[in-house]
Each structure stands twice: as C-alpha cells, then as structure tokens.
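Enquirer: only the shape, not the letters, is given here:
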Ligand code: ADP
C-alpha cells in the first residue's frame, strides 16, 4: 500500500489465495487498476480540452487578424466610396464567419453536454428533407447543379425533425460546395428492416479513402478546400445528431468521381 500511495506502483500480489491477506491484496490490485484507468481518462479529457481550445483559437485568429487589418487601413487613410464598400463587405464576411463559428460551436457543445435532448417523433421524413433542401436550392441553382429527390411521401420515421434537418442540410450543403458547376446531386431513400437509409450522392470532387474517417473530426478540412467557406464542423455535427438518435453515417467516395453520404436512422 505504501508503494501504491507514494510511487503509484501496483501493490505486490500475495501468493496464497486462501488467506484474508491474499483476498485484500487482490482487491487492492483491482482498486489500483481502477485508479489507473480513471487517471488515464482524466489525462485524455485534458488533452481533448487542450486540442479544442487550440483549435478554437486557431479558427478565431484568421478572421480577427483580417478584421484588424481592414479597420486599420480604414483608419489610416482616406478611401474612395468603392473601396469603403469593399472594406465593409470584407468586415461583414469575416464577422459572418465568426458568428457561424460561434453558433456551430454552441450547437456542438449543447449536444455534447446533453443541454438539448433530441425529441424523436413519428413524422414524415419528406418534411424533414424538404426543410433541409430549402437551404440549398438557391446555391445549387446558382452553380447550375441539378438536384433530384426520391423519398416516399408517406414514409414516417421516428426522428427529431429539426435536428435531423440540420444534419441533412450539412450533407447537402457540402454536396453543393464540393461539386463543380453543372454537377448533379441526388437524394434517395431506402427502407431496410431496422433502418431507413437516406443517401446524398454528388458528382463532386470526392474524398480519398485514407481521409474518409478524418472528415468527421471537428474542424477537419481538406487542404484543397480552403477557398470554400466553412470551418470543418458540419460533418462532425451531422454525425453527432444522427448517432444521438441511435443511427449512423457512412461515406463512400472516389476522388474525382463523387461521394455518397448515407444516413441510417433506426425505424423506431
Ligand atoms: P466544411 O465543409 O465546413 O469544411 P465539414 O465538416 O462539413 O466542413 O466537412 C469536412 C471536410 O470534408 C470538408 O472540408 C471537405 O474537405 C470534405 N467533404 C465533406 N463533404 C464532401 C463532399 N460531399 N465531397 C467532397 N469532400 C467533402
């Protein structure tokens, strides 16, 4: 016990298993292992928290640096009306980015801490899908991307419509962002015995297999997409929302050929 208290070492085990001393020693050993496991978990949580804080500061740094640069320029010298407008638009887009970041972080944290509970109700999946689609039709049209939807009107699934619409919107929004002009997005629904499977397929840039797991990580973005708006939280949120309802998300993709994100929602 002394060596366990002072050096955090595992207590020596007694040889003879029949004596009281041996039984105490055995339990002590178990207690030691539980303590070690708890310590490991605390260390892991601390590391996660550190990564989160450094991720957030990294995300905030760029827009804040841009805002300072623009405002410094505006303060330092007189500008023409056109330049003034351009600078203000720059400020607007950077504040939009910060606002989006804060909102997404808020959503992720409310989901993680259980501050919001998803309320599953038996409602038509098409209504949820329509809600998600409404956010992307304009963007898709602007890019000349056709969108096709196949979902039975009468299919009711037990799910949280508001949050699921958010998850589906994130998938659809990505499909629009990462598909070149003239491409195609299709949404289809299949009924399985235990799950309803909803596929969002695009003809976009695709994702190499080696990075298909990473894209669901918070703040993960691929190198080549930095010219597109986004902070890398959409897929993370989508996965959280779906898994919290007992479902899961899968991706199948080939670079240059397109991607299919499949959402599996339990039927009840
Ligand atoms: P964001 O779109 O804000 O970068 P996401 O979490 O939604 O963040 O996506 C993470 C990354 O996964 C994206 O940066 C992109 O590289 C990749 N990705 C997501 N959806 C697609 C898609 N449909 N086609 C190709 N790449 C995608």
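Expert: All right, it came through fine. This structure is a prediction, so every number in the text was calculated from the model and none was measured.

Enquirer: the residue in the chain that the ligand sits nearest to: how many residues sit nearby?
Expert: Nearest residue of the chain to the ligand (Cβ to the nearest ligand atom) works out as residue 230 at 2.3 Å. Heads up, the C-betas are built off the backbone N, CA and C, glycines and all. Residue 230 has 17 neighbouring residues, counting by other Cβ atoms under 10 Å.

Enquirer: residues of the chain that sit close to the ligand?
Expert: 170, 174-175, 178, 202, 204-207, 215, 220-222, 225, 230-236, 259 (Cβ under 6 Å from any ligand atom).

Enquirer: return a ChimeraX selection command for the buried portion of those.
Expert: To isolate the buried members of these in ChimeraX, using 16 or more other Cβ atoms under 10 Å:
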select :170,174,175,178,202,204,205,206,207,215,221,230,231,232,233,234,235,236,259
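
Enquirer: from the residues of the chain next to the ligand, which land in helices?
Expert: Per DSSP state H, helices hold the following members of the residues of the chain next to the ligand: 170, 174, 175, 234, 235, 236.

Enquirer: of the residues you listed, which pair is most distant in space?
Expert: Across these, the longest distance by Cβ to Cβ is 16.8 Å; it joins 175 and 236.

Enquirer: does residue 194 touch residue 266 like I think?
Expert: Yes: using Cβ atoms under 8 Å, residue 194 is in contact with residue 266, at 6.4 Å.

Enquirer: what residues does stretch 148-162 touch?
Expert: 118-129, 131, 133, 184-189, 191, 196, 198, 241, 245, 265-268 (Cβ atoms under 8 Å, 6 or more residues apart in numbering).

Enquirer: which one of residue 194 and residue 266 has more residues nearby?
Expert: The neighbour count for residue 194 versus residue 266, taken as other Cβ under 10 Å, is higher for residue 266 (17 against 9).

Enquirer: what pairs with that one across the strands?
Expert: residue 195 (DSSP bridges).

Enquirer: quick check: it vs residue 197, distance?
Expert: Relative to residue 197, residue 266 is positioned 11 Å away (Cβ to Cβ, to the nearest Å).

Enquirer: rewinding a little: any of the contacts of stretch 148-162 buried? List them.
Expert: The neighbour count (16+ other Cβ under 10 Å) marks 118, 120, 124-126, 128-129, 131, 133, 184-187, 189, 196, 198, 241, 245, 265-267 as buried among those.

Enquirer: just the residues you listed: which are in strands?
Expert: Members of those lying in strands (criterion: DSSP state E): 124, 184, 185, 186, 187, 189, 196, 198, 265, 266.

Enquirer: what's the neighbour count on residue 85?
Expert: Counted with other Cβ under 10 Å, the neighbours of residue 85 add up to 11.

Enquirer: over to residue 30?
Expert: For residue 30, using other Cβ under 10 Å, the count is 9.

Enquirer: again with residue 212
Expert: 15.

Enquirer: now do the contacts for it.
Expert: Contacts of residue 212 by Cβ under 8 Å, 6+ apart are 251, 253.

Enquirer: over to residue 4?
Expert: Counted by Cβ under 8 Å, 6+ apart, residue 4 has contacts 10, 11, 28, 32.

Enquirer: within the helices and strands, which one has it?
Expert: Taking DSSP states H and E as the definition, residue 4 sits inside helix 2-7.
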